[in-house]
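**Q** Got a predicted structure here, sequence first:
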Amino acid sequence: MAAKLVSSWYKEVECLPESYILPPEERPGDRPVPVSNQIPVVDLEAPDSAQLIVDACQEFGFFQVTNHGVGEELMEDGMKVFEEFFGMSKEEEGVVCNLYSDTPTTEPCVVSTSSGNNVKSEKVHFWRDVLRHSCHPLHQYLPFWPHKPHRYREVVGECSVEVRKLGFRILEKISQGLGLSSGYLEEFSKFMYLQVNHYPPCPDPTLSLGVYKHVDPTILTILRQDSYGLQVFKDAHWIGVQPIPNAFVVNVGHQLQIISNGKLKSAEHRAVTNSVKARTSGAFFLHPDVDTIIEPAKALVDAANPALYRSFPSYEFVKRYSANRGDVEETIKAFQL
Ligand SMILES: O=C(O)CCC(=O)C(=O)O
Ligand SMILES: [Fe+2]
């Protein structure tokens, strides 16, 4: 493992290193957020699923989806391969080292740690390792993916294709529920990348986080988690997202909030760590191509509902988001009318 990854050295430390201790106001603290079933669970085959999804996206910005058609065994295999990747032995560490970067990069496949691209300049580190790569078009990006574990490309390639299809089904239901034309949101989701988050057991989960409070800069995020750790911020409180076997957690990305003219909410969320067991999550991000123009959908704007945001090319959003390190207030200021 690349020496900088938490996975490579966490067993050698008993206490949380100082550089991982958050300022008091950002610490999760010693009153753990309980796992909750508040986040809606939607059966994708239910006749009213489009309405239930839109309701959930308005109220929480998050929902879980079951009966989604993506093979259970396939996704279990995918999660296994992700774990194998972060558990690779010393002999295989070259695979990881070659992909390692801790500064902003446009490489199609990157291994990193903490915030993922500003590790050197960040004040405090996060207890996480990351593998991030583009997924679509698959044939274009596959050659850049890890070639170890040996099943990585085959299994994760299949997962990516299936999850993308699921993403489009969900976007179609959102288009339908919002009264947009069929295929409207799919046009904004031509690109997809995967971020595998790995959180080794942490010596002090009360003082540190796996991922800081942020919104996703995407259209839609579809996440698979193997255990508890994801929390959603709503009405000034944290809600713990209950892991449900074979479900996906879906959330509205910030560019979708803008396209929906603020009807859908992109909620802030974070990941906490635990001291007992490593946690892995796979987040598939549906994202516009860089030059796509993002603006509130015309069908959602009228005299009673004026546009809340200006138009801009997607790359401008990403640039501001990165510069503000996911700070939603700062980022959105630049696009509000
Ligand atoms: O690991 C998780 O549950 C959350 C990860 C996340 O928010 C992200 O990758 O954007
Ligand atoms: Fe996220």
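**A** Yes, it's here. Ligands and ions are numbered 1, 2, ... in the order given.
**Q** thinking residue 40 is in contact with residue 49, fair?
**A** No: judged on Cβ atoms under 8 Å, residue 40 makes no contact with residue 49 at a distance of 10.7 Å. C-beta here means a position set from N, CA and C on the backbone, and glycine is covered the same way.
**Q** So which of the two has more stuff around it?
**A** residue 49 (20 against 16; other Cβ atoms under 10 Å).
**Q** got a list of what that one touches?
**A** 42-43, 173 (Cβ atoms under 8 Å, 6 or more residues apart in numbering).
**Q** Out of the residues you listed, which end up buried?
**A** 42, 173 (16 or more other Cβ atoms under 10 Å).
**Q** Kindly present the contacts of residue 49 as JSON lines, with separate columns for distance to residue 233 and pLDDT.
**A** Converted to JSON lines, the contacts of residue 49 look like this (distance: Cβ to Cβ, whole Å; pLDDT from 0 to 100):
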{"residue": "42", "distance to residue 233": "21", "pLDDT": "98"}
{"residue": "43", "distance to residue 233": "26", "pLDDT": "98"}
{"residue": "173", "distance to residue 233": "25", "pLDDT": "98"}
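**Q** Could you single out the nearest of the contacts of residue 49 to ligand 1?
**A** residue 42 (18.5 Å; Cβ to the nearest ligand atom).
**Q** Quick check: bridge partners of the closest one?
**A** residue 65 (DSSP bridges).
**Q** surely it meets residue 64?
**A** Yes: here residue 42 reaches residue 64: they are 7.1 Å apart, a contact under Cβ under 8 Å.
**Q** Alongside ligand 1, which residues does the stretch 51-200 of the chain contribute?
**A** 195, 197 (Cβ under 6 Å from any ligand atom).
**Q** how about the helices in the stretch 51-200 of the chain?
**A** Ranges of helices in the stretch 51-200 of the chain, per DSSP state H, counting those that start in this stretch, are 72-86, 93-99, 138-141, 152-178.
**Q** Contacts made by stretch 162-175 with the rest, please.
**A** Under Cβ under 8 Å, 6+ apart, the answer for stretch 162-175 is 44, 49-50, 53-54, 57, 65, 68-71, 74, 135-136, 180-186, 189, 192, 219-220, 222, 248, 250, 256, 264, 284, 286.
**Q** Can you give the distance of it from its chain's centre?
**A** 16 Å (Cα atoms, centre = their mean, to the nearest Å).
**Q** repeat for stretch 144-161
**A** On Cα atoms, centre = their mean, the centre of stretch 144-161 falls 19 Å from that of its chain.
**Q** Please point out which parts of that stretch sit buried.
**A** 145-146, 149, 152-153, 155-161.
**Q** just flag whichever of the helices of the stretch 51-200 of the chain has the lowest average confidence.
**A** Note on the helices of the stretch 51-200 of the chain: helix 93-99 shows the lowest mean pLDDT, a mean of 78.
**Q** Please see if stretch 223-231 touches ligand 1.
**A** Yes: using Cβ under 6 Å from any ligand atom, stretch 223-231 reaches ligand 1 at 223, 225, 229-230.
**Q** Need the CA coordinates for that stretch. PDB is fine.
**A** This file holds the C-alpha atoms of stretch 223-231, laid out as PDB (Å, rounded to 0.1, in the frame of the first residue of the first chain):
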ATOM      1  CA  LEU A 223     -24.100   4.700  -3.100                       C
ATOM      2  CA  ARG A 224     -23.600   1.100  -1.900                       C
ATOM      3  CA  GLN A 225     -22.500   0.800   1.700                       C
ATOM      4  CA  ASP A 226     -21.500  -2.300   3.700                       C
ATOM      5  CA  SER A 227     -22.200  -0.900   7.200                       C
ATOM      6  CA  TYR A 228     -23.300   2.200   9.100                       C
ATOM      7  CA  GLY A 229     -21.400   5.500   8.800                       C
ATOM      8  CA  LEU A 230     -23.400   7.800   6.500                       C
ATOM      9  CA  GLN A 231     -25.200  10.700   8.200                       C
END
